[in-house]
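Q: everything below, folded, please.
(4 chains)
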Number of protein chains: 2
Amino acid sequence: MKIENPAKLPLTLSQQAIRRMPYYLKYLKNLDRERNKYISASAIAASLSFYEVLVRKDLAVVSSVSGKPRVGFAVEELITDIEHYLGYDCVDSAVLVGVGHLGQALLCYRGFEDYGLDIAAAFDIDKSLVGREINGKEVFHVEKLANLCPRLNVRIGIITVPAPAAQEVCDALVEGGVMAIWNFAPTQLKIPDKVLVQNENMAESLAILTKHLMEKRR
Amino acid sequence: MKIENPAKLPLTLSQQAIRRMPYYLKYLKNLDRERNKYISASAIAASLSFYEVLVRKDLAVVSSVSGKPRVGFAVEELITDIEHYLGYDCVDSAVLVGVGHLGQALLCYRGFEDYGLDIAAAFDIDKSLVGREINGKEVFHVEKLANLCPRLNVRIGIITVPAPAAQEVCDALVEGGVMAIWNFAPTQLKIPDKVLVQNENMAESLAILTKHLMEKRR
DNA sequence: AAAATTTCGATAATATAATATCGAAATGAA
DNA sequence: TTCATTTCGATATTATATTATCGAAATTTT
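A: Got it, this is the predicted structure:
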């Protein structure tokens, strides 16, 4: 009798590992798949500047088959496995609230489809924007937000309003039954546990940068 | 003789702690400082939904004075300390490369000044953009990038070009003597060790979101 | 056929980060 | 003045994530 998982190897990916997945995916998709049926973790690691063993571990979790020694992993299968793992194969609908510069940039961004995201509609408080279309997506007034979310069958809310308005918008999204929020406003949102918040606060990254430069200066 | 740091308490902040700093700063600045000369770590933690002890530890590292039991930390001093810690008190100049939707959004963003960042100029390959001004910042042709960086006394490069062009732009920035790069392109850049890269890849966050939703669906 | 090489998976060791617990100092109330 | 409460700092524990090491399988070279 063989022991299946002797030293409790991870069966799920860490948060950080999930973040690495899009990089793997992009790299694999850019390969010439006619020439490269197989790819080694070592090669991936070298190209992405990741640690080799880390790549091997990440792939072990998502991959349906194991890699062949001296050969590597089957590229096509890996791509399918990663896309499936991240849920890219079943598209999620989202609404975007706040049609400012950043909001418009996101509305116009091509590439979200590849990531399994479809922005169904946009919302703003500015009446001169309401009714307009941006990249084929209609802009509604925010007061309709909570009502329209269920009707649009939306599960993700994207917040690109100024910080002071963010909590209010967030509450409306939660009321609308959204299950995950992508927050670009520089605030910490209060939210029920069942809803996931992903903050994209540029001040965070900037803090890392300026801190680093400050130390260089010394 | 008193032992200074018996159980090697951290003298520096973790990356994650640095990322929390902007939230502390924002919270403290929004306080009515006339009424609140002091603030407790407990109150900050409750407002930001952070763990109390974590806040205390973070503040202990940046704060020049320790908190008073039953009272808390002096607000004004904390603000000064955090700003100094992050280097917000000495402004860094940056250039932005790639004046698409996202690039324009960043060029127009007010608030960077508060974070010690000044975007000195923008660059693009599109000749119809070159020579124009966006939010008071002139757009130059990318071929001038490496040359102008030293002249503008720039230490940060912001990359908002499409992924395929990112590495080339990055190389020019490094050639221009930039010390830190803020990369919004969804690629892993190859860079000398001395230069810091901060990736702002939306695919990363999106992976977390879609993964989470996929699990909910089951 | 034997030896060298690449790559794998498994395990171990380390580093980073978050959470929990506890005694002591400062304040306010009994 | 004594006692309860809030908040602190220090220490301990646990969780998360990365890096290192090693033997074994598949392939190529000698």
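Q: next to DNA strand C, which bits of chain A? Give me the list.
A: By the rule C-beta under 7 Å from any atom of the strand, the part of chain A lying against DNA strand C is A:6-7, A:9, A:40-43, A:52-53, A:56-57, A:59-60, A:63, A:66-73. C-beta here means a position set from N, CA and C on the backbone, and glycine is covered the same way.
Q: now, which of the residues you listed lie within helices?
A: Taking DSSP state H, the ones among the residues of chain A next to DNA strand C that sit in helices are A:41-43, A:52-53, A:56-57, A:59-60.
Q: just the buried residues from those residues, in ChimeraX please.
A: For anyone working in ChimeraX, the buried entries among those, judged by 16 or more other C-beta atoms under 10 Å in any protein chain shown, can be selected with:
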select /A:41,43,56,57,59,60
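Q: nearest residue to residue A:24 in space, please, no chain neighbours.
A: With C-beta to C-beta, 6 or more residues apart in numbering or on different chains as the measure, residue A:82 is the residue that lies nearest to residue A:24, at 6.0 Å, once sequence neighbours are left out.
Q: equivalent analysis for residue A:197, please.
A: Excluding its sequence neighbours, the residue lying closest to residue A:197 (C-beta to C-beta, 6+ apart) is residue A:181, at 4.9 Å.
Q: can you pull the pLDDT of the residue sitting nearest the centre point of chain A?
A: When C-alpha atoms, centre = their mean is applied to chain A, the residue found nearest the centroid is residue A:115 (7.3 Å). According to the prediction, residue A:115 has pLDDT 91.
Q: which stretches of chain A form strands?
A: Under the criterion DSSP state E, chain A carries strands at the ranges A:38-39, A:73-74, A:92-97, A:117-124, A:133-134, A:137-141, A:156-159, A:180-183, A:196-199.
Q: out of those strands, which is the most enclosed?
A: strand A:156-159 (a mean of 27; mean count of other C-beta atoms under 10 Å in any protein chain shown).
Q: same question for stretch A:198-216: list its buried residues.
A: By neighbour count on 16+ other C-beta under 10 Å, the buried set for stretch A:198-216 is A:198-214.
Q: domain parsing for chain A?
A: Split into domains by automatic domain parsing, chain A comes to A:15-86, A:92-204.
Q: does residue A:195 really touch residue A:175, like I thought?
A: No: here residue A:195 does not reach residue A:175: they are 11.0 Å apart, not a contact under C-beta atoms under 8 Å.
Q: of the two, which one has the most company?
A: A side-by-side neighbour count of residue A:195 and residue A:175, using other C-beta atoms under 10 Å in any protein chain shown, places residue A:195 first with 17 against 13.
Q: about what we covered before: and the nearest residue to the residue nearest to the centre of chain A once chain neighbours are set aside, what does it touch?
A: Counting by C-beta to C-beta, 6+ apart, residue A:115 lies nearest to residue B:206, which is 5.0 Å off, once chain neighbours are set aside. Neighbouring residues of residue B:206 by C-beta atoms under 8 Å, 6 or more residues apart in numbering or on different chains: A:22, A:112, A:115, A:117, A:182.
Q: for the first one, grab the count of nearby residues.
A: Using other C-beta under 10 Å, residue A:22 is surrounded by 22 other residues.
Q: tell me which residues touch it, please.
A: If a contact means C-beta under 8 Å, 6+ apart, then residue A:22 has A:86, A:115, B:186, B:201, B:203-204, B:206-207 as its contacts.
Q: least confident of those?
A: With pLDDT as the yardstick, residue A:115 is the minimum among those, at 91.
Q: how close does that residue get to residue A:154?
A: Residue A:115 is 16 Å from residue A:154, where distance means C-beta to C-beta, to the nearest Å.
Q: cool, and residue A:174?
A: As defined by C-beta to C-beta, residue A:174 lies at a distance of 12 Å from residue A:154.
Q: between these two, which one's more packed in?
A: Comparing residue A:174 with residue A:154 by other C-beta under 10 Å, the one with more neighbours is residue A:154, at 23 against 20.
Q: grab the nearest non-local neighbour of residue A:152.
A: Nearest to residue A:152 is residue A:120, by C-beta to C-beta, 6+ apart, at 4.7 Å.
Q: ok, that neighbour - contacts?
A: Taking C-beta under 8 Å, 6+ apart as the contact definition, residue A:120 lies against A:93-95, A:137, A:152-154.
Q: pick out the residue in chain A sitting closest to DNA strand D.
A: As assessed by C-beta to the nearest atom of the strand, DNA strand D sits closest to residue A:14 within chain A, at 2.5 Å.
Q: ramachandran angles for that residue?
A: Note on residue A:14: its backbone torsions stand at phi -70, psi 160 [degrees, to the nearest 10].
Q: any idea which of the contacts of residue B:206 is closest to residue B:26?
A: residue A:182 (19.5 Å; C-beta to C-beta).
Q: wouldn't the closest one be in contact with residue A:158 here?
A: Yes: Residue A:182 sits in contact with residue A:158 when judged by C-beta under 8 Å, with a separation of 4.6 Å.
Q: pull up the overlap in contacts between those two.
A: Counting by C-beta under 8 Å, 6+ apart, the residues touching both residue A:182 and residue A:158 are residue A:94.
Q: spell out which parts of chain A neighbour DNA strand D.
A: A:14-17, A:51, A:53-54, A:57, A:68-71.
Q: which of these ranks first by neighbour count?
A: Most crowded among the residues of chain A next to DNA strand D, counting by other C-beta under 10 Å, is residue A:17 at 19 neighbours.
Q: could you pull up the contacting residues of that residue?
A: When the contact criterion is C-beta under 8 Å, 6+ apart, the partners of residue A:17 are A:57-58, A:61.
Q: 10 Å instead, please
A: The contact partners of residue A:17, taken as C-beta atoms under 10 Å, 6 or more residues apart in numbering or on different chains, are A:10, A:24, A:54-55, A:57-59, A:61-62, B:207.
Q: also residue A:64?
A: Counting by C-beta under 10 Å, 6+ apart, the residues that residue A:64 touches are A:74, A:77-78, A:80-81, A:84-85.
Q: try residue A:184
A: Contact criterion C-beta under 10 Å, 6+ apart gives A:96, A:98, A:100, A:102-103, A:106, A:158-161, A:163, A:166, A:198-202, B:202, B:205 as the residues in contact with residue A:184.
Q: so which of those residues are in helices?
A: Reading helices off these with DSSP H, I get A:102-103, A:106, A:163, A:166, A:202, B:202, B:205.
Q: which one of those is nearest residue A:133?
A: Lowest distance from residue A:133 to the ones in helices among the contacts of residue A:184 (C-beta to C-beta) belongs to residue A:103, with 13.7 Å.
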